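>>> Output the structure for:
(one chain, ligands or ions: 1)
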Amino acid sequence: MSVSNEAVGSVRKVVTAIPGPKSQAMHDRRHKVVSKGVSQGLPIYIDKADGAILLDIDGNRILDLGSGIAVTSIGHAVPEVAKAISDQANDFLHTCFMVTPYESYIEVCELLAELTPGDHAKTSALFNSGAEAVENAIKISRHATGRQAVVVFDHAYHGRTNLTMALTAKNMPYKDKFGPFAPEIYRVPMSYPFHDGLGGKEAAERALRMVEAQVGANNVAAIIIEPIQGEGGFIVPAEGFLPALSEWCKSNGAVFIADEIQSGFCRTGDWFASNHEGVVPDMVTTAKGLAGGMPLAAVTGRADLMNAVHEGGLGGTYGGNPVAAAAAVAVIKFMKSQNLPAKARHIGEVVTKHLSDLQKEVRTIGEVRGRGAMIAIELVEPGTKNPNAGAAKAIVKYCNEQGVIALSCGTYGNVIRLLPPLVITDEQLADGLSVLGDAIRAAQ
Ligand code: PLZ
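Purely as a prediction, here's the structure:
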């Protein structure tokens, strides 16, 4: 594969302490002007990147197993995408699609109609961030059904804006003292096989019985769910859970929204995580992988629902910006030409085998789970299912010091998730897994 940032190379190499002196100086500079409220992950400042390697300003070559939280699925610095962006930037940067439109917005919507689950008539609307897409999916569902209640799940993550904070489950750091939150949001138990031991049908019955008793089926505008939960801990619902929810929505006139912002666009080994159980959502929200790092998000859904909104009811100054849209068209072309769903499946096999072998010797690994290139381990106190956030923290720190980006997640902060770029090479993956293995053993 030709690359545009060849100087970055393809091999992890740590040449200073992490963070190095230049990054530390930059971090001090940051603290004078950047709000402390903005999350601070690993304070190494990035100069260039290529494929799965980040080059920081101290000259460290870092292996990226996080993809900027599931965004750079195509890897960093893909020449075709960079060219599409620069060509569009030269042509024009912005007109506002609501004022004077352009072709690439339509192209993205055509691709979304083609690739999202189901072959029914679909239309889309484009936005800037995942949270904005989720907000709009709820707006459209309420408008189309004339109902208000929205059902969400334990461990859900849907964003940080006011409505999406209300949909998100975890208090710290997302919600604490940011209320009051939007009303008419009802939270029910998620299917979480490792902890509840329930089959998908039973777990769905448990959740839907609550909805019927406490909300009333006729009041439900939408059920929104991540087919595999991301921030909440890479929780894969038991088989049958998603189809049962989707069926219930169909029978009760509610909209079934799959939030595929983290799980979508090849990540789980198919174009969308809903595909694994043949679920056809009424509406899908996408962002992250869609434009490879440019801010772009979408709501795609049944044309009858999407078109129920009055003209002018949906929009925003930058939604479907020409540069982001041009990037998305090039990203999707790349995903197809490189067969990234197959690459994600391959990554899944390698990672699952490695971590499952490790689980036999390490008692802090409670469960290895996930799909494709969206795999995680849940860390427990040995001999129990109690969360072990300390181990997760120690593992991330160890990986970081060795020049590997690994991310934690989970309501209790005890899950380590892997989200490598799907173009990661076998050598890079083996290298990352070996560091991760050392980190896990060291954190026992
Ligand atoms: N829905 C399923 O995963 C974003 C959040 C990082 P935005 N997840 C990363 C953080 O700490 O802010 C996400 C998601 C799902 C919605 C969103 C929100 O997408 O583009 O961050 O708004």
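>>> got the residues of the chain near the ligand?
Taking CB under 6 Å from any ligand atom as the measure of proximity, the chain contacts the ligand at 39, 69, 129-131, 134, 157-160, 226, 230-231, 259, 261-262, 287. From N, CA and C alone the C-beta is placed, and that goes for glycine too.
>>> now do 8 Å
Residues of the chain lying close to the ligand (CB under 8 Å from any ligand atom) are 39, 69-70, 129-134, 157-161, 164, 173-174, 226, 229-231, 259-263, 285, 287-288, 295, 297.
>>> Show me how far stretch 241-256 is from its chain's centre.
23 Å (CA atoms, centre = their mean, to the nearest Å).
>>> what's around the nearest residue to Pro420 once chain neighbours are set aside, how many residues?
Among residues not flanking Pro420 along the chain, Leu65 sits closest, at 4.9 Å (CB to CB, 6 or more residues apart in numbering). Using other CB atoms under 10 Å, Leu65 has 26 other residues around it.
>>> center of the protein - which residue?
With distances taken as CA atoms, centre = their mean, Gln262 lies nearest the centre of the chain, 1.7 Å away.
>>> Now for that residue: which residues touch it?
69-70, 226, 228, 230-231, 288, 374 (CB atoms under 8 Å, 6 or more residues apart in numbering).
>>> which residues does the closest residue to the ligand within the chain contact?
Minimum separation of the chain from the ligand (CB to the nearest ligand atom) falls at Gly130, amounting to 2.2 Å. Counting by CB under 8 Å, 6+ apart, Gly130 makes contact with 158-159, 259, 261, 285, 287-288, 297.
>>> The same query, at a cut-off of 10 Å, please.
69, 157-161, 164, 230, 259-262, 285-288, 290, 295-298 (CB atoms under 10 Å, 6 or more residues apart in numbering).
>>> Sitting in helices, which of the residues you listed do you find?
Mapping those onto helices (DSSP state H) picks out 69, 164.
>>> Filter the contacts of Gly130 down to just the buried residues.
For these, a burial check counting by 16 or more other CB atoms under 10 Å picks out 69, 157-159, 161, 164, 230, 259-262, 285-288, 290, 295-298.
>>> Any stretches of the protein with poor pLDDT?
Across the chain, residues meeting the criterion (pLDDT under 70) sit at 1-4.
>>> Please, where are all the helices along it?
Here the chain has its helices, by DSSP H, at 21-33, 67-70, 79-91, 103-115, 130-145, 162-167, 193-196, 200-214, 241-252, 303-306, 322-337, 340-361, 389-401, 426-442.
>>> Determine the set of other helices and strands touching the third one.
In terms of contacts (3 or more CB pairs under 10 Å, 6 or more residues apart in numbering; DSSP states H and E), helix 79-91 is packed against helix 103-115, helix 322-337.
>>> then the first one to CSV, C-alphas only?
Think helix 103-115. The C-alpha coordinates for helix 103-115 follow below in CSV (Å, rounded to 0.1, in the frame of the first residue of the first chain):
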residue,chain,number,x,y,z
GLU,A,103,-22.7,16.8,-5.2
SER,A,104,-20.5,15.2,-2.6
TYR,A,105,-23.3,15.5,0.1
ILE,A,106,-25.6,13.5,-2.2
GLU,A,107,-22.8,11.0,-2.9
VAL,A,108,-22.4,10.3,0.8
CYS,A,109,-26.1,9.8,1.2
GLU,A,110,-26.2,7.4,-1.7
LEU,A,111,-23.4,5.4,-0.2
LEU,A,112,-25.1,5.4,3.2
ALA,A,113,-28.3,4.1,1.6
GLU,A,114,-26.3,1.4,-0.2
LEU,A,115,-24.3,0.2,2.8
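>>> Give me the helices and strands touching it, please.
By 3+ CB pairs under 10 Å, 6+ apart, helix 103-115 packs against helix 79-91, strand 122-127, strand 283-286, strand 297-302, helix 322-337.
>>> if you set the cut-off to 7 Å instead, what comes out?
Applying 3 or more CB pairs under 7 Å, 6 or more residues apart in numbering; DSSP states H and E, one finds that helix 103-115 contacts strand 122-127, strand 297-302, helix 322-337.
>>> was I right about Ile53 contacting Thr72?
No. Using CB atoms under 7 Å, Ile53 is not in contact with Thr72, being 11.5 Å away.
>>> From Ala392, how far off is Glu401?
Glu401 sits 15 Å away from Ala392, going by CB to CB, to the nearest Å.
>>> okay, these two: which has more neighbours?
Ala392 (27 against 15).
>>> what's the first-to-last distance across stretch 229-241?
Using CA to CA, to the nearest Å, the end-to-end distance of stretch 229-241 comes out at 13 Å.
>>> Over to stretch 295-314?
First residue to last in stretch 295-314 (CA to CA) measures 18 Å.
>>> Residues in contact with it: which ones?
112-113, 116, 120-130, 132-133, 136-137, 140, 143-144, 255, 282-287, 290, 324-325, 328 (CB atoms under 7 Å, 6 or more residues apart in numbering).
>>> Buried residues, that stretch. List them.
For stretch 295-314, by 16+ other CB under 10 Å, it's 295-302, 305-306, 309, 314.
>>> one step back: any chance of a PyMOL selection covering the buried ones in the contacts of stretch 295-314?
With 16+ other CB under 10 Å as the criterion, this PyMOL line picks the buried residues out of these:
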select buried, resi 112+113+116+122+123+124+125+126+127+128+129+130+132+133+136+137+140+143+144+255+282+283+284+285+286+287+290+324+325+328
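>>> Show me this protein divided up by domain.
Annotated domains of the chain cover 6-77+339-442, 82-337 [automatic domain parsing].
>>> Pull the distance from the first one to the chain's centre.
Using CA atoms, centre = their mean, we find the averaged C-alpha position of domain 6-77+339-442 to lie 15 Å away from the chain's own average C-alpha position.
>>> show me the contacts for Leu54.
By CB under 7 Å, 6+ apart, the residues touching Leu54 are 46, 62, 64.
>>> Met283 versus the last one, what's the distance?
In this case it means Asp64. In terms of CB to CB, Asp64 sits 31 Å off from Met283.
>>> Can you give me the first-to-last residue distance of stretch 153-160?
16 Å.
>>> Give me the residues contacting it.
Contacts of stretch 153-160 (CB under 7 Å, 6+ apart): 130-131, 134, 164, 167-169, 174, 187-190, 224-226, 229-233, 235, 259, 411.
>>> Buried ones among the residues you listed?
By 16+ other CB under 10 Å, those give 130-131, 134, 164, 167-169, 174, 187-188, 190, 224-226, 229-233, 235, 259, 411 as buried.
>>> Please narrow those to those residing in strands.
187-188, 224-225, 259 (DSSP state E).
>>> Kindly reformat those residues as a markdown table containing distance to Leu419.
Output for these, formatted as a markdown table (distance: CB to CB, whole Å):
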| residue | distance to Leu419 |
| --- | --- |
| Arg187 | 26 |
| Val188 | 27 |
| Ile224 | 22 |
| Ile225 | 19 |
| Asp259 | 16 |
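>>> What is the nearest of those residues to Ile106?
Set against Ile106, the nearest of these by CB to CB is Asp259 (24.1 Å).
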